[in-house]
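Undergrad: coordinates only, sequence not included:
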């Protein structure tokens, strides 16, 4: 084999006309995936459940093979499409008749913030990194947890937030990036601090350390009290 053999790299043993077949195969693959999304009734990828995402990935793998492999016939891929669509329909029907099966397939909404505090059991169970979750909150205009009355992680991965009105905002843990949220083991000055793990707030005296009574964490950050900007 010759390195950087452009003839082999570009077409190998295929005739130039094979490129038109590749274009047709790509169109076929596109139509198959598009029709599945239309038939399933979903408008966007953010609405896909875990089960639907698995179906799409499986279909996408089959569609990718048929797009450019000349020895992959079209009818078997069409069979894959019909089988997956039938499986999808039967699963949706079973989910509509069984709450337990539906919860097992798609999961349930999970409360992750309540009264300005993290629900530790939920976060530990979901294994969500704080940086990822903080980013999600910032994108919805949250500066600190005290602004949030209730936060729910939906089954499609979206986070639904319900806010306190301006006068009801509580002191809370900042969700800003590390450059804007210093962390202390000992308070640099007397004031109100928030536990960096669960959001619990308490007053700590200057140069004193504290153990969070809620989660036993020893790291603290300045608690914020600013209302949410509209």
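TA: Arrived safely, thanks for sending. Quick caveat, the model's predicted, so the values are computed rather than measured.
Undergrad: got the domain ranges for this structure?
TA: 12-104, 110-222 (automatic domain parsing).
Undergrad: and the ones you listed as TSV, adding distance to residue 2 and mean neighbour count?
TA: In short, each C-beta sits where N, CA and C put it, glycine included. As requested, the domains of the chain are exported to TSV (distance: least, C-beta to C-beta, whole Å; neighbours: other C-beta atoms under 10 Å):
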stretch	distance to residue 2	mean neighbour count
domain 12-104	13	14
domain 110-222	47	16
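Undergrad: so residue 151 sits in a strand?
TA: Yes: applying DSSP: H, G, I helix; E, B strand; the rest coil, one finds residue 151 inside a strand.
Undergrad: show me the contacts for the closest residue to it other than its chain neighbours.
TA: Nearest residue to residue 151 in three dimensions, chain neighbours excluded: residue 113, at 3.2 Å (C-beta to C-beta, 6 or more residues apart in numbering). Residue 113 is in contact with 119, 145, 148, 150, 151, 161, 199, counting by C-beta atoms under 8 Å, 6 or more residues apart in numbering.
Undergrad: ok so residue 113 is a strand residue?
TA: Yes: the assignment for residue 113 (three-state DSSP) places it in a strand.
Undergrad: next structured bit after the helix or strand of the chain with the lowest mean pLDDT?
TA: Ranked by mean pLDDT, DSSP states H and E, the weakest helix or strand in the chain is helix 6-10, scoring a mean of 71. Next in sequence after helix 6-10, counting helices and strands by DSSP states H and E, comes helix 18-40.
Undergrad: give me the helices and strands touching that following helix, please.
TA: helix 50-68, helix 74-97 (3 or more C-beta pairs under 8 Å, 6 or more residues apart in numbering; DSSP states H and E).
Undergrad: low-confidence ranges in this protein?
TA: Flagging of the chain using pLDDT under 70 yields the residue ranges 1, 5, 8-9, 11, 37, 40-50, 67-72, 127-129, 230.
Undergrad: against residue 132, how distant is the most centrally placed residue in the chain?
TA: Closest residue to the average C-alpha location of the chain: residue 157 at 4.5 Å, with C-alpha atoms, centre = their mean. Separation of residue 157 from residue 132 (C-beta to C-beta, to the nearest Å) stands at 11 Å.
Undergrad: next up, the contacts around the closest residue to residue 87 other than its chain neighbours.
TA: Closest residue to residue 87 apart from its sequence neighbours, by C-beta to C-beta, 6+ apart: residue 55 at 7.2 Å. Counting by C-beta under 8 Å, 6+ apart, residue 55 touches 36, 84, 87, 88.
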